[in-house]
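[1] can't give you the sequence, but here's the structure:
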């Protein structure tokens, strides 16, 4: 099934935003994804996930968008592929669409033309004629149509739910409140970036990931986090030690 056909099928359905859930068990992710039902093995889906995350990082950097927008695009891709199959939807197209939409969500919009051109050049980086080809009217218009159809499919698939919460905000807020070493924030921030490339962001809410990232950063830097009365660091994330342990163990 091509993307246009998939879009027409998906758009014919009424979105059920009230019943949508964006957090899944490990069992659901590993054994019951749409891709698994289409015969794509877990190892292959993990490989595809790494491919689109790396692509999103490169595309975002070339478009000079903030890491938050890149991470938002990753979340859109992760959510899309928990509702749609890799077997029926090209990951490069969906990743390009996710970047375009994420930039709007994070209020750092990029022109559709720029997103299409840069994406095409990355996809065909081994072809020296690619930069010239994508600037040809016929080639560009074909890519533009594909991306616009993909955007409708993505929006319909996620039931137009654009409320993408990321771990960065709660992480920074707690660091500021507790006055923890700034260098530790950089390490924790990098852990968040790593987590968002995996399915952990589909298993745990943002404040869990933020807390787990802070915990791992402290261990990595050999820094003792505040534990005194009134400043127990994990309470700032509204998480218990048991929940925190589960998050870190999974990572």
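    Received it, and whenever you're ready, just let me know what you need. Just so we're clear, the structure is a prediction, and the values are computed from it rather than from any experiment.
[2] contacts and neighbour counts: CA atoms only from here.
    Fine.
[3] average pLDDT across the helix or strand where residue 69 lies?
    Applying DSSP states H and E as the criterion places residue 69 in helix 67-80. Mean pLDDT, helix 67-80: 98.
[4] name the helices or strands packed onto it?
    helix 42-62, helix 91-105, helix 200-203 (3 or more C-alpha pairs under 8 Å, 6 or more residues apart in numbering; DSSP states H and E).
[5] pLDDT score assigned to residue 206?
    Value for residue 206, per-residue pLDDT: 95.
[6] residues near it, how many?
    23 (other C-alpha atoms under 10 Å).
[7] correct me, but it touches residue 165?
    Yes: between residue 206 and residue 165 there is a contact under C-alpha atoms under 8 Å: 6.5 Å.
[8] tell me who's in contact with the closest residue to residue 134 other than its chain neighbours.
    With C-alpha to C-alpha, 6 or more residues apart in numbering as the criterion, residue 134 has its nearest non-adjacent residue at 5.2 Å, and that residue is residue 140. Residues in contact with residue 140 (C-alpha atoms under 8 Å, 6 or more residues apart in numbering) are 116, 117, 134.
[9] next step: these restricted to helices.
    Per DSSP state H, helices hold the following members of those: 116, 117.
[10] TSV for the contacts of residue 140, including distance to residue 243?
    Shown next, in TSV, are the contacts of residue 140 (distance: C-alpha to C-alpha, whole Å):
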residue	distance to residue 243
116	42
117	44
134	49
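[11] could you dump the contacts of residue 140 to a markdown table with pLDDT?
    Output for the contacts of residue 140, formatted as a markdown table (pLDDT from 0 to 100):
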| residue | pLDDT |
| --- | --- |
| 116 | 98 |
| 117 | 98 |
| 134 | 97 |
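[12] tell me the one of the contacts of residue 140 nearest residue 50?
    The closest of the contacts of residue 140 to residue 50 turns out to be residue 116 (C-alpha to C-alpha; 21.1 Å).
[13] residues near the closest one, how many?
    21.
[14] go on, residue 141?
    15.
[15] name the element it belongs to?
    helix 137-157.
[16] pLDDT of that helix, averaged?
    On average, helix 137-157 scores 97.
[17] what are the buried residues along that helix?
    Residues 140, 143-144, 146-147, 149-157 are the ones in helix 137-157 that count as buried (16 or more other C-alpha atoms under 10 Å).
[18] counting contacts, what elements does the next helix or strand after it pack onto?
    Using DSSP H and E, the helix or strand that follows helix 137-157 towards the C-terminus is helix 168-178. Packing partners of helix 168-178 (3+ C-alpha pairs under 8 Å, 6+ apart): helix 182-195, helix 206-221.
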